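Novice: let's see this in three dimensions:
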Amino acid sequence: MKNNAWLIFGLLALVWGMTFLFNKMASTLISPMQIVAVRVVMGFLPVLVFAIVRRSLNWWHLRHIHHFIVMSLLAATVYYYAFAKGISLLPSSVAGMLSGAIPMFSFIAAAIFLRSEPVNMRSIIGLLFGFAGVVAIAKPWNGGTSVDLSGVLYVAVGSGCVGLSFVYARKFLSPLGISPIALCTYQLGFSSITLLVIGDFNGMTKIFDDWKIAAGLFIGLGLLGTGVAFMCYYFLIGKIGAVRTAAVTYIPPVIGLMTGALVLGESVAPSDIIATVAILAGVFIMQSGRTPTPQRASET
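Specialist: Below is the predicted model of the structure:
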């Protein structure tokens with residue numbers, strides 16, 4: 001069973017890393033909002049089926065509907081849209097590299113709002129190290145000529161939303177005792193409703209002009225990269241623990257970098273690789289400076 005868990009760990013890292021490629025390819029045909037709508041709805045369907053089979057949903061959960069709506073915005077609607085918009089403005093390799101900074105935003109959000117994160121010298125050094133890597137990738141001194149700074153900002157906003165979602169889940173959802181798969185179902189369900197209501201779907205059929213891009217969006221980004229990925233994530237938390245499972249976040253930036261360069265032919269400078277290493281090293285230093293505390297699956 002443990003060997004199977006590590007196989008699923010590798011699968012999860014792969015499908016999350018490939019999302020940057022699928023997102024970038026889809027952005028050549030349809031808008032970021034349309035990409036997100038497909039991603040969320042396609043991700044919601046397998047999660048809903050799994051939750052129903054597991055009998056994880058209960059009517060009494062709806063008394064906490066306001067929390068589910070907030071989480072749907074932070075961890076799905078706004079987060080996915082900001083990333084889709086950022087990826088449409090940036091090379092997918094750059095967006096992938098920047099995504100390595102997500103744990104930094106999580107740490108900052110927890111330190112500010114929960115005050116349960118230990119702010120020691122080691123964590124500060126790691127944070128500064130990772131931030132330096134982000135700045136090195138963004139290259140603001142070039143005035144946005146090499147990297148679209150608005151794209152970097154969109155990715156930063158998405159990362160900030162994810163960080164806040166961790167804090168919100170830990171503070172308001174963890175004490176409720178609702179299963180993680182149920183929380184994920186409500187999160188993606190309300191996000192699907194929001195996107196279907198506010199989305200503009202004019203011209204969306206263009207995605208079918210290229211069946212490879214359409215398959216990447218519907219299957220790669222939606223079904224696998226969102227729905228199946230969530231279920232794999234919660235499975236891993238139960239089998240190998242939250243701390244080990246969190247290590248999966250180190251791999252997608254590398255896969256995003258590789259697929260952007262190898263599949264899309266995006267140019268990657270040696271300085272970008274060094275900056276990515278700096279971000280991941282900073283996150284590692286920052287995480288190793290934390291005092292281990294019990295984690296719950298619903299904190300994800």
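
Novice: which residues of the stretch 51-200 of the chain fall in helices?
Specialist: 65-72, 78-89, 92-99, 102-113, 121-138, 149-168, 180-198 (DSSP state H, counting those that start in this stretch).

Novice: how about the first one as PDB, C-alpha atoms only?
Specialist: Right, helix 65-72. Taking Å, rounded to 0.1, in the frame of the first residue of the first chain, the C-alpha atoms of helix 65-72 are listed here in PDB:
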ATOM      1  CA  ILE A  65     -22.700  27.400   3.400                       C
ATOM      2  CA  HIS A  66     -21.100  30.800   3.800                       C
ATOM      3  CA  HIS A  67     -17.800  29.200   4.600                       C
ATOM      4  CA  PHE A  68     -18.100  27.000   1.500                       C
ATOM      5  CA  ILE A  69     -18.800  30.000  -0.700                       C
ATOM      6  CA  VAL A  70     -15.700  31.900   0.700                       C
ATOM      7  CA  MET A  71     -13.500  28.800   0.100                       C
ATOM      8  CA  SER A  72     -14.900  28.400  -3.400                       C
END
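
Novice: now do it against helix 180-198, angle only.
Specialist: Here the directions of helix 65-72 and helix 180-198 differ by 80 degrees (axes from the mean of the first three to the mean of the last three C-alpha atoms, to 10 degrees).

Novice: mind listing what's buried in helix 65-72?
Specialist: Buried residues in helix 65-72, defined by neighbour count with 16 or more other C-beta atoms under 10 Å: H67, F68, I69, V70, M71, S72. For glycine as for every other residue, the C-beta is placed from the backbone atoms N, C-alpha and C.

Novice: for it, what is the average pLDDT?
Specialist: Averaged across helix 65-72, the pLDDT comes to 95.

Novice: what packs against the longest helix anywhere in the chain?
Specialist: Looking across the chain with DSSP state H, the single longest helix is helix 2-26. Under the contact definition 3 or more C-beta pairs under 8 Å, 6 or more residues apart in numbering; DSSP states H and E, helix 2-26 sits against helix 32-53, helix 78-89, helix 92-99, helix 211-215, helix 229-240, helix 252-262.

Novice: quick revisit: pick the most buried one from the helices of the stretch 51-200 of the chain.
Specialist: helix 92-99 (a mean of 29; mean count of other C-beta atoms under 10 Å).

Novice: name the helices or strands packed onto it?
Specialist: Using 3+ C-beta pairs under 8 Å, 6+ apart, helix 92-99 is in contact with helix 2-26, helix 78-89, helix 121-138, helix 149-168, helix 252-262, helix 270-288.

Novice: and P252, how close does it get to Q34?
Specialist: Distance, P252 to Q34, by C-beta to C-beta, to the nearest Å: 23 Å.
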